[in-house]
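Undergrad: Sequence first, then the predicted structure:
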Amino acid sequence: MKQDPKLNRRTFLGSAAAAVGAAGLASASVRGPLGTRGRMMGRDTLVTIYLRGAMDGMSAVVPYADPNYAPERGDLAVRPPGAAPDRALDLDGFFGLNPSGSALMRPYGDGQLLFVHASGLSVPNRSHFDAQKRMETGTPASVPAAYPTGWLGRYLQSATPTGTTGVRGLSIDNLLPLTLAGGPETLPIKDIGDFNFPGRAVTRADRRDLLDAQYQGATPLLAQSASSALRAIDLLDAVDYSNYVPAPGANYPDTKFGEALAQVAALIKANIDLETAQVNLGGWDHHSAMGVTDGTFAGLFEELSAALEAFYIDLDGTGLGYTLMTQTEFGRRVRPNSNDGTDHGFGSCMMLMGPSVLGGRTLSDWPGLAPESSQGAGDGDQVNGDLAVTIDWRDVAAEVMERRLGATDLAAIFPTYTPTFRGVVM
Amino acid sequence: MASSPTPLRLLPKLQPGPSAANPILPFPLKKGSGGPPTQAERNVDLLSRATNGVTLAELARLNQMGRPAWLREQLAPTAQDNVVLRRTLAELGSLRLTIPEVYAEYESNAGEAVRDIKQAAIVRAVHSDWQLRERMVDFWHDHFSVAIQTSGRTRLGHHAYDREVIRANVFGNFETMLQASAKSVSMLEYLNGKENLAGSPNENYAREVMELHTLGVDGPYTENDIVELARCLTGWSFYPLDDTSQPGEFRFRDDRHDDGPKTVVGVQIPAGGGVSDGETVLTFLAEHPTTVDFVSRKLVNRFVSEFAPEAAVDLVKAAWVRGGGDLGIVTAVLFSDEVADAATPWNDRKVKRPFQFAVSLLRALDLRSDNSYRNVMFRLTGMGQDIFGWPAPNGYPDSSAVWSGDLYGRWDYAADVVRGGFAGIVFPDSKLDEIGGGVPTTALAERLAQVLTAGRAEPANVASLQAWIDGQSNFDARDFRDAITVMASSPDFFNA
């Protein structure tokens, strides 16, 4: 049941004042310094999830009513909705959800999950690494700089910090993704529950201060990183994640990804003015034996969906503003290869989730799947055997940045591109 | 090593070096310090790039030998390994076995074989006298990266991949390494080569071999070239790992090969070429000028500087062409004074990746393991560099920007190792005397700067640490360890 977004918005704002008082979240076992302002009064926390390896958008959100889908997809086609098991779950009479992603039906039914189909880069690029680089830097051409900056990194550079905690962006990982590169007060943290200044307790403060001073004189890369790490250590010391209990019903999968999303939710609920967080989920490069509603694709999609549902439940009703966005570098070829897998393609599917997302639908200017007479002939709907892209991912991201994070300088985030807002968020 | 030594520029005669017993070399190097480095400074710089961590003992040797002789020695490793290395490697059971034996004995316990080959990488990086070889092995494993966890075959196949594809060719010929990787169980399994069949090619390897191993992503190939190369490589497979006669050997399946004519990057492949289709294209790719440029640039970026001028890259490319892809010659020039003069790596030191960080700490403090570094191996996963575990085929990133992100993992490791509480690392208090070198407490920070950074620590950082030491009443062994921890966590130690 899809809610009227406007009604949803009113309800949301109406609860905000009451929620401010509870922002420390006595209900959850997270204690933390109160932010200078409650999130709901200011900007959303943007959570980006990068699905590395190129997720097959058509196995996730199935265009079952496209007459060319089943014949083109062959053995890998998800069957249309119906009574039998292993059928797509109908979304809107045209698209259906892979049943392995059934957990997504809850946020979708609440109108807080949006699929954006046939989306991606503006220009086909079938190299994982090059396509990721172009997407993460937010520029269509490859970037020659020795240390390129990411689109979210540049947002953080151009925006006034929400708070003063010194931790504006993070990735729950060992490495900072290129998306966040260049972002001030931004760092990777593998496990927020294990991020204490190491070593003997009695000398901890002394050693911390020595390093703090030493790194201030280091190269800018190390200086900034050390400053972020030391401030994050102080901050997370106060968050006490080890005692975090997610909201009832928020059952995160017992995987690295599930744990990472739980950590992001805990940080948002701790109200520490975190502006953006990124989590990676890899393994989507299904060149062989990917399966349909059961198998390697479905297993991964189920993990993703279960984690998103848990995240949704965990934050539902808290009044805390967030927008979650999934990205992947490209989709998969329409026709399967000889190994019941799919090779590198072009268009894929994004997801947006959050209380301000105009969800409960699939946004798409569906290009169709009519095959070309030969690959690259240009006489069908496909582009070199691939799903076309009709929505540049930057249209989606830019709208979120302006409307939910208050970005005022989109040109800094996406140079050389003028985005078209598609109405994805309030 | 078969290649003839490249002529290296003769150095001016070295000034009398410090003795091995008490090498005190106070020469702070810092960015923008201006004047050209001294010979002693250049020696430290070379070791910081050509080894897995400077030790004062190795520095003393280099100071005696001079850089050209030291490099020549490193480029021609003998089969002889030192006793510590041999003993430690001997604890790793599967390393002693032939490849068929590994397959036979570890099939049901592949995890143990995986741990052995990962630990062996650490053991060799810490203890081998042939440090340059180990550094280059690390590079080529990234270049021809195979995620060891992909399948049972890649788990069991990595012994052969490490030994016969990477190590066998590290100072041999690039093309030989490329062809060997293409025909290995590991690569055929990892990038779906064995599933690449006539009539319906799997493009995975064909794409990555051009994008990552040879031409580079900006290279002169098209999507159609990928399809055509995949056709050339159809039928490339391997015998089962439990085959009685040729377990894990390369096998060309004629019945799965597309024998029609192909064109790859302008190369005409006539019909009926069989296995030679793929071999011909790989040879062409190995020798392509764009490959020479792409891989030379990558080498300079890894081992010299992230800000190297074209002149430095050009020297390496010229060596590549001169030697016809002889990696011994390429490596000799890569670490030569000429390239260093062009790129001034001492002004743009790279941030150590976790593997080099972890190993360099053990080397600097001369620590040993009583469980062949099993816990160091596990900890590296937590530090972001699970050995042979990078999931994508592009290998671990090689950028100071990337590796300066998570300082915490390395701080935590340094603190645990130095406290003496790290399982498998032996660090008794008696070792502290050795590290202290008999200097008074009032000069301890300077001594630690020697041991851990060969004197390259910033004077201000040494001074602040010394002030802390001076401020401790009853300075004891635990304080001593804390002082080491600070130096090992400092930016001076994070930079290679």
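TA: That came through fine. Everything quoted here is computed from the prediction, not taken from an experiment.

Undergrad: all strands for the stretch 151-300 of chain B, in order.
TA: Under the criterion DSSP state E, counting those that start in this stretch, the stretch 151-300 of chain B contains strands at B:236-238, B:250-252, B:262-264, B:267-269.

Undergrad: TSV please, covering those strands and showing mean neighbour count.
TA: All C-beta spots, glycine's among them, are computed from the backbone N, C-alpha and C. Listed next are the strands of the stretch 151-300 of chain B as TSV, based on neighbours: other C-beta atoms under 10 Å in any protein chain shown:
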stretch	mean neighbour count
strand B:236-238	23
strand B:250-252	17
strand B:262-264	20
strand B:267-269	16
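
Undergrad: Indicate which one of those strands is closest to chain A.
TA: Proximity to chain A (C-beta to the nearest C-beta) singles out strand B:236-238 among the strands of the stretch 151-300 of chain B, at 13.1 Å.

Undergrad: contacts for stretch B:88-99?
TA: B:81, B:102, B:105-106, B:112-113, B:116-117, B:119-120, B:123-124, B:127, B:159-160, B:164, B:247-248, B:368-369, B:371-373 (C-beta atoms under 8 Å, 6 or more residues apart in numbering or on different chains).

Undergrad: So which of the residues you listed sit within strands?
TA: Mapping the contacts of stretch B:88-99 onto strands (DSSP state E) picks out B:368, B:369.

Undergrad: Pass me the low-pLDDT residue ranges in the stretch 1-150 of chain B, would you?
TA: Applying pLDDT under 70 to the stretch 1-150 of chain B flags the ranges B:1-34.

Undergrad: hey, where'd the helices end up in it?
TA: B:39-50, B:56-65, B:67-75, B:83-90, B:99-106, B:110-127, B:131-143 (DSSP state H, counting those that start in this stretch).

Undergrad: what about the third one, distance to the chain center?
TA: Meaning helix B:67-75. 18 Å (C-alpha atoms, centre = their mean, to the nearest Å).

Undergrad: Report the angle between that helix and helix B:56-65.
TA: Here helix B:67-75 runs at an angle of 120 degrees relative to helix B:56-65 (axes from the mean of the first three to the mean of the last three C-alpha atoms, to 10 degrees).

Undergrad: and helix B:67-75, what does it pack onto?
TA: The helices and strands touching helix B:67-75, judged by 3 or more C-beta pairs under 8 Å, 6 or more residues apart in numbering or on different chains; DSSP states H and E, are helix B:39-50, helix B:56-65, helix B:131-143, helix B:327-334.

Undergrad: residues contacting residue 288?
TA: Looking at chain A here, since you left the chain open. Counted by C-beta under 8 Å, 6+ apart, residue A:288 has contacts A:337, A:339, A:340, A:341, B:192, B:195, B:202.

Undergrad: wrong chain, I was asking about chain B
TA: Going by C-beta under 8 Å, 6+ apart, residue B:288 touches B:214, B:215, B:219, B:265.

Undergrad: pLDDT at the second one, what is it?
TA: On the pLDDT scale, residue B:215 is placed at 98.

Undergrad: Quick check: buried residues in stretch A:388-407?
TA: Neighbour-count burial for stretch A:388-407 flags A:388-389, A:391-405, A:407 (criterion: 16 or more other C-beta atoms under 10 Å in any protein chain shown).

Undergrad: With stretch B:195-202 instead?
TA: B:195, B:196, B:197, B:198, B:201, B:202.

Undergrad: quick revisit: can you name the two of the contacts of residue A:288 that sit furthest apart?
TA: Using C-beta to C-beta, the pair of those lying farthest apart is A:340 and B:192, separated by 11.7 Å.

Undergrad: Of those two, give the one with the bigger neighbour count.
TA: The residue with more neighbours, out of residue A:340 and residue B:192 and counting by other C-beta atoms under 10 Å in any protein chain shown, is residue B:192; that gives 24 against 18.

Undergrad: Give me the spatial nearest neighbour of residue A:79, chain neighbours excluded.
TA: Leaving aside its chain neighbours, residue A:79 sits nearest to residue A:87 (5.1 Å; criterion: C-beta to C-beta, 6 or more residues apart in numbering or on different chains).

Undergrad: these two touch, right, that neighbour and residue A:97?
TA: No. Residue A:87 lies out of contact with residue A:97 (C-beta atoms under 8 Å); the separation is 10.3 Å.

Undergrad: Which one of these two is surrounded by more residues?
TA: Neighbour count, other C-beta under 10 Å: between residue A:87 and residue A:97, residue A:97 has more, with 24 against 18.

Undergrad: Can you tell me the SS state at the closest residue in space to residue B:398 that isn't next to it in sequence?
TA: Computed as C-beta to C-beta, 6+ apart, the closest residue to residue B:398 that is not its neighbour in sequence is residue B:302, at 5.2 Å. For residue B:302, the secondary structure call by DSSP: H, G, I helix; E, B strand; the rest coil comes out as helix.

Undergrad: ok, so what distance separates residue B:302 from chain A?
TA: Distance of residue B:302 to chain A, given as C-beta to the nearest C-beta, to the nearest Å: 13 Å.

Undergrad: Measure how buried that residue is and give me the count.
TA: 21.

Undergrad: try residue A:411
TA: Using other C-beta under 10 Å, the number of residues around residue A:411 comes to 12.

Undergrad: just residue A:108 next, same as before
TA: For residue A:108, the count of nearby residues is 25 (other C-beta under 10 Å).

Undergrad: in what helix or strand does it lie?
TA: helix A:105-109 (DSSP states H and E).

Undergrad: Show me which residues of that helix are buried.
TA: Neighbour-count burial for helix A:105-109 [16+ other C-beta under 10 Å]: A:105, A:106, A:107, A:108.

Undergrad: Just give the nearest non-adjacent residue to the closest residue to chain B within the stretch 151-300 of chain A, would you?
TA: For the stretch 151-300 of chain A and chain B, the shortest gap (C-beta to the nearest C-beta) falls at residue A:174, measuring 3.0 Å. When the adjacent residues along the chain are set aside, residue A:174 lies closest to residue B:384, with 3.0 Å between them (C-beta to C-beta, 6+ apart).

Undergrad: If anything else comes up later, I'll come back, but that's it for now.
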